[in-house]
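*Asks:* Here is a sequence together with a model predicted from it:
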Amino acid sequence: MPSSSSKVVQSSDGRYVVVAGTYPPRIRCYDVHDLTMKFERYVDSQIVDLVMLGEDYGKIGILMDDRTIGFHAHYGKHETIRIPKFGRSMAYEPTTCELLVAASGDQIYRLNLEEGRFSEPWTMDSAVSAGCISVSPSQPLASVGCDDGIVRFWDNRSPDTLLKPFLKLDVQAATGGFGFAEEMNVYNHNPHEITSIAHDTSGLYMAAGTAGGLVALYDVRTSKPLHIKEHKHGMPIHTIKFHPGSGCIMSSDEKLVKIWKYKASGDLVRTTASQLEERSGDSSLGSIVANVEGSGNFSNFIMAGDESDPTGDRSGVMLCATDQPKLETFYIPKVGLAPKWCSFLENITEELEERDLQRDSAVGSNVLVRDGEEAVFENYKFVSRDDLEKLGVSDLIGTPMLKAYMHGFFMDTSLYNKIRAVANPFEYEEYRKKKLKERLEAKRGSRIAPKDGHKKKTTVNPALAERLQDKAGSSKTKGAKLAGQILSDNRFGSLFTNPDYEIDEEDEDFKLRNPSGVAANKKNQKDDMDSDDDSSVKSDDVGVFRRVDPDDDEVDDEESDDSLESDSDDEDGFRGGKVRGEAYDEVKAIKKKVKLQVKQKKLRNNSKKSKNKAVMYEADDLGDANDAAVHAGLGEQNASQLAKEKIRKMNMPLEQRFQLEEVEQPLVKVVNKGGAKEITYVPKDARKKQLLEQKQEESDDEPYSRVKRQRRSMKEIRRHR
């Protein structure tokens, strides 16, 4: 519920649980088979009482504090009627199909649901008001609790001419002198007012709760109470429930639910009149079984059942309506079993019971695990072999101080804390400094708001953060949205701040899981290496232009002077060859330090000047080279390559350069003949053939060439002889 719940009931088939709550006023129906909410319906006023009129949620009666009774069906709200006085409680009599309403006046209103009209109301014998009403499940008997401390009984079979109660039970006289409400008198002006009534399934027992926190147990065959149970808080008793399966009564006020015995064993109803006196002195009668306390104030409770036990007479699950948003649920194994829809509670309680038994059996023993028994390590710390090596206590393996478990060991928590304090005595100081640093960074971040589009600097996994930032800002695809969510989600914050989450991209597992990322890194590295190889000039050079910086000459001159001075100082080749003062080394170190400071100062000044100074470049002496320098300055594509090729040729010897020019014949020849031009074009494949033929002719001119020896005829041999 949004705020609180006030009433909870269960259907006759045991499948649906209906809860009334606020705010605004509403009812919610839950299906225990599916463990889900079936529906939710709003009402016009606060709900006082709920009654299930059918087998399921198809017929519900709702009593509200605006003097109306609402009837709901499967499809929703069906009808609303108004009663003359404000209602306080309702009960359904299935034998006569009447809805009985206890109101603030001296009448009990009867609504005949079969005929659809009001029957003549029951009338009190005095000017009193009814506070609660209950119908016996095994007898046609209705009991009404009044504000004068008397319970009045009506026979549902009596005709309309007998509208007076046939029996009265004075609870106030029987409970006089009991309880604590008379002394305080805070919660109610009349502590003897009857606030709740309940009947046993056998019809032989009845219990009445008062506004002073007393519960009187009666046998219907006698007017003397069998037992009077006191609630120490002195608050009104709002709910009483008989639990025949355990032989207990559950009575509740705002603070707690008391569970106490009302008979020695379950469902023993054959008692004689002579045995009633013995029952009144029975020591087990009224003994406390359990007290249930919740986080909120109780307003109502039921014992949840299932199809086989819809009334919850053998169930151990208690559903409590409180002033908290959620229903409070308790499972009491000593009272009963868990219903079928939550049978898993049985396994949990069995495990807890076994643990308690084993703990009791291990009391007074120093052995961690007894033979044949499973141990439960509560005050032990699990450590692995790596943890033991870091702490320096690997020699404890095999001793009683460590108990092997799975891939590690169990160690006593106190022993672990002592060893950790000795192994790292400054751990607390480091932790304190780390926390202080985090607080300062958080405070600094709250003071200075980052600019829009500002990328946060990450100390851990910066490459991953940069990739995610680029991906998040590049497009509006699904992957970009996911990347943005990872960067903005606090759950992934440690990925970029905690060194424990640093990604080792050189690890073999990372390479196997991210082959595409490894390939991309290799490609980037290759591109960087290629770019370094291609650049034969400095990074400050542009194309074939070289940057001119006169300050470099000064720095080089100073370095040369320093080197000459150092050489002249030690030109003798060994220390002490010249006559020097006692503080020669100190003076020399000071001079070097001063020179280094002056040099650094000049470099800083030059860097500041270079920001505002025009940068000058000079072109390499490339000759013509098809105006390579000019083309490079204009930014053409192959200009730098042509310039590099020209520089390579200029550095070659003159003889090789002439040979290269002879080999590189043009593909297109233009010859001027008179007033006409003759253009000859030699294709590439034809040129290759010409070169091969030319080489073949040269080899033929050399008869004794070693490249290829030809066979000669006998005539040629004789001629040479």
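*Replies:* It's in. Numbering: from 1, shown residues only.
*Asks:* Residue 404: what secondary structure?
*Replies:* strand (DSSP: H, G, I helix; E, B strand; the rest coil).
*Asks:* That one: neighbouring residues, count only.
*Replies:* Residues lying near residue 404 (other CB atoms under 10 Å) number 10. C-beta here means a position set from N, CA and C on the backbone, and glycine is covered the same way.
*Asks:* and the gap between it and residue 383?
*Replies:* 11 Å (CB to CB, to the nearest Å).
*Asks:* Which stretches in the stretch 401-550 of the chain count as strands?
*Replies:* Counting by DSSP state E, counting those that start in this stretch, the segments of the stretch 401-550 of the chain that form strands are 402-405, 408-412, 545-548.
*Asks:* Quick check: which ranges of the stretch 451-600 of the chain have low pLDDT?
*Replies:* Where the stretch 451-600 of the chain drops to pLDDT under 70, the residues are 451-457, 516-584.
*Asks:* Tell me the pLDDT of the residue nearest to residue 151 when sequence neighbours are not counted.
*Replies:* The shortest distance from residue 151 to any non-neighbouring residue, by CB to CB, 6 or more residues apart in numbering, is to residue 169 (4.3 Å). Listed pLDDT for residue 169 reads 89.
*Asks:* quick check, residue 325 in a strand?
*Replies:* No - with three-state DSSP as the criterion, residue 325 is coil rather than part of a strand.
*Asks:* so it makes contact with residue 23?
*Replies:* No - Residue 325 sits out of contact with residue 23 when judged by CB atoms under 8 Å, with a separation of 10.8 Å.
*Asks:* Quick check: neighbours shared by those two?
*Replies:* Shared contacts of residue 325 and residue 23 (CB atoms under 8 Å, 6 or more residues apart in numbering): 2-4.
*Asks:* top of those by neighbour count?
*Replies:* When the shared contacts of residue 325 and residue 23 are compared by neighbour count (other CB under 10 Å), residue 4 ends up highest, at 17 neighbours.
*Asks:* got the contact list for it?
*Replies:* Contacts of residue 4 by CB under 8 Å, 6+ apart are 21-23, 296, 299, 321-325.
*Asks:* What residues are bridge-paired with it?
*Replies:* Taking DSSP bridges as the rule, residue 4 bridges to residue 22.
*Asks:* now swap in residue 243 and tell me
*Replies:* Beta-bridge partners recorded for residue 243 (DSSP bridges): residue 248.
*Asks:* Report how many residues lie close to it.
*Replies:* Applying other CB under 10 Å, I find that residue 243 has 26 neighbouring residues.
*Asks:* do you know how far it is from residue 204?
*Replies:* Distance, residue 243 to residue 204, by CB to CB: 15 Å.
*Asks:* Next one: residue 649 from residue 690, what distance?
*Replies:* Counting by CB to CB, the separation of residue 649 from residue 690 is 24 Å.
*Asks:* could you redo the contacts of residue 4 as CSV and give each row neighbour count?
*Replies:* Formatted as CSV, the contacts of residue 4 follow (neighbours: other CB atoms under 10 Å):
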residue, neighbour count
21, 24
22, 16
23, 10
296, 16
299, 20
321, 25
322, 21
323, 18
324, 16
325, 12
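*Asks:* Turn the residues you listed into a markdown table, including pLDDT.
*Replies:* Compiled in a markdown table, the contacts of residue 4 are given as follows (pLDDT from 0 to 100):
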| residue | pLDDT |
| --- | --- |
| 21 | 91 |
| 22 | 87 |
| 23 | 85 |
| 296 | 86 |
| 299 | 91 |
| 321 | 92 |
| 322 | 90 |
| 323 | 89 |
| 324 | 89 |
| 325 | 88 |
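*Asks:* picking up where we left off before, just the closest of the shared contacts of residue 325 and residue 23 to residue 30, please.
*Replies:* Set against residue 30, the nearest of the shared contacts of residue 325 and residue 23 by CB to CB is residue 2 (15.9 Å).
*Asks:* which residues sit in contact with the closest residue to residue 385 other than its chain neighbours?
*Replies:* For residue 385, ignoring the flanking residues on the chain, the nearest one in space by CB to CB, 6+ apart is residue 408 at 6.8 Å. Shown in contact with residue 408 (CB under 8 Å, 6+ apart): 382-385, 387.
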